[in-house]
Each structure stands twice: as structure tokens, then as C-alpha cells.
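Peer 1: got a structure for you, letters missing:
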């Protein structure tokens, strides 16, 4: 970490990668792994296992299936989806704040991750699991900054509402760093791919989508998908929209070689899928 970054991050603790995640990812990459081994690793931490099962029972993930155990989750969802849920549980546990505003933050992150995965499956050229990870981690610096700076919510409100300036530029001016920088360092320390970490660092720099610069092409694609996914999540959750969709839409359309109307239609299709999944779940 260079001196400028170290100064900006002074007083902020970046959660280290949990040992269980390292063990799990090693086991998942093993050609001779088994459902039993994977389940055995996760249930070593009862709290994490409970969080995984709770998330797995979201109708957007499990459909109408009821998941009662980690073994059920492995068998019904597969290794990739299970790894996503473990990442979510460990990230939430590592940042660790039960304040109601963070509950809303985690809901938004979860729905953005799910939408990112669905969009990646439709658009192609990037793994749905990678897109899910990106959606989950891209804003993880926000709760860290909220814990460090008492007035950060004011900065966040200004950044969300400013229709002209880049979100992270407003953070930089106010506190000397941004949630994108913190998210980058956390994701890197957790061993996430270069595409994910570089994408997190640049996910508010929409000019990258029209004039790609020195980051991996997959990172650009993750940034573009994430813009749509965030709009889907906010619309589905009926939270107040910020200005990011308006600021980014034309750049996302340019990147994918489509019209803004096409991108909006794609977002509406995924919103409809979300709404239908929850309606079907409520009817059961």
C-alpha cells in the first residue's frame, strides 16, 4: 500500500480474509472435493451456516424449494451459488454492524448481486458467479466509512443526489478517500480476481465504458452490468433512486452497443422476474 493510500485509510480497519473462506475456496478448486467436505467446512461456524441457509431461502435463489441445511444448499444450489452465499455471510459478519440502516444496505447488496448474476447469464462474456461476487462487494466500503466517519451519511446523501459530479470525487473531497478505494483493498485482501478488484475501484468512473483505459476488459463489463443491477435492485426494493442510473445509462448503452431504451427494457425484464418470483413465493 503506498503512502497516499495509507494516509487515506488511517483509522479504518480492512477486515482480513477469514480462514474458513481460504479453506473453502481451496476445497472448491479441488478435483476430488465432495458435497460432504464442503458442508463440513461451513458448519464449523454455526452462525455463518445459519446466515447461509437464511440467504439460500430467498425466493430469488431457492425458488419454491425449502432449504433446511447446508447439505440441502450444496445439493440444490451447487458449489458456485453456495460459495456466493458464504462470501455474503462472511462479508456481513466481518463488517459486523446490526444497525437498521445497514440491514437495508445488505438487502440492497444481495439484490444487486442476484440481479448481476441474472444479467451476466443473459449478456454473456462474464461468469454469473463472478458478477454476483462483484455485486456483493462493490459497495462494501460504505459501511466501513460509516463506522469511521460520524458525518459520512451526509457525504453519502450528497454523492447520491449530485447529478453532475462523480460519486467518488465527492467522497474524496470530503474525507480524503472513497468507498471504492476501501472496497478495492478489502476485495484484494480476500483474494478476489483482478477483474473484480479493478472493477470495484473504478465502478463510478463511467467514462471507462466509453473510453476503456488500463483495466481488464472483464472489469468494464462488470461495471456496466452492475449499473443495471443496482437500478433493478432499487426499483424492486422501492428505495429512493439516486442519480447513478441517469449518469451512467448512455455509457452503459454505448459499451454494449445498444440503445438506452434497449438497456432500460433489459432492466425492466429482470425487475419483472424479481417481482414474479416474490409474488409466486407469497402465494405458496
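Peer 2: Here it is on my side, so go on. Note that the structure is a prediction, hence the values are computed from the model and not measured.
Peer 1: low-confidence ranges in the chain?
Peer 2: Along the chain, the model assigns pLDDT under 70 to residues 1-10, 62-63, 96-102, 279-284.
Peer 1: which stretches of the stretch 1-150 of the chain form helices?
Peer 2: Taking DSSP state H, counting those that start in this stretch as the criterion, the stretch 1-150 of the chain carries its helices at 3-8, 19-29, 35-42, 46-56, 59-62, 70-77, 79-95, 100-123, 128-137, 141-148.
Peer 1: ok, and for the longest one, which residues are buried?
Peer 2: I take that to be helix 100-123. By 16 or more other Cβ atoms under 10 Å, the buried positions in helix 100-123 come out as 102, 105-106, 108-120, 123. Where C-beta positions appear, they are placed from N, C-alpha and C, glycine not excepted.
Peer 1: now swap in the fourth one and tell me
Peer 2: The neighbour-count criterion (16+ other Cβ under 10 Å) identifies 48, 49, 51, 52, 53, 55, 56 as the buried residues of helix 46-56.
Peer 1: what helices or strands is it leaning on?
Peer 2: Applying 3 or more Cβ pairs under 8 Å, 6 or more residues apart in numbering; DSSP states H and E, we find helix 46-56 packed against helix 35-42, helix 70-77, helix 79-95.
Peer 1: what's the answer for the fifth one, then?
Peer 2: In terms of contact count using 3+ Cβ pairs under 8 Å, 6+ apart, helix 59-62 is assigned the packing partners helix 70-77, helix 100-123, helix 260-283.
Peer 1: next, the angle helix 46-56 makes with the shortest one.
Peer 2: Helix 70-77 and helix 46-56 are oriented at 30 degrees to each other (axes from the mean of the first three to the mean of the last three Cα atoms, to 10 degrees).
Peer 1: same deal with the second one?
Peer 2: For helix 100-123 against helix 46-56, the angle between stretch directions is 60 degrees (the same axes, to 10 degrees).
Peer 1: run through the neighbouring helices and strands of helix 100-123.
Peer 2: When contacts are defined as 3+ Cβ pairs under 8 Å, 6+ apart, helix 100-123 packs onto helix 59-62, helix 79-95, helix 128-137, helix 141-148, helix 217-237, helix 260-283.
Peer 1: for the last one, same thing?
Peer 2: Using 3+ Cβ pairs under 8 Å, 6+ apart as the contact definition, the elements that helix 260-283 packs against are helix 59-62, helix 100-123, helix 217-237, helix 244-256.
Peer 1: thinking again about what came up before, nearest to residue 275, of the helices of the stretch 1-150 of the chain?
Peer 2: helix 59-62 (10.4 Å; Cβ to Cβ).
Peer 1: chain center to the closest one: distance?
Peer 2: Centre-to-centre, helix 59-62 and its host chain are 17 Å apart (Cα atoms, centre = their mean, to the nearest Å).
Peer 1: repeat for stretch 155-162
Peer 2: When distances are taken as Cα atoms, centre = their mean, stretch 155-162 is centred 20 Å away from the chain's centroid.
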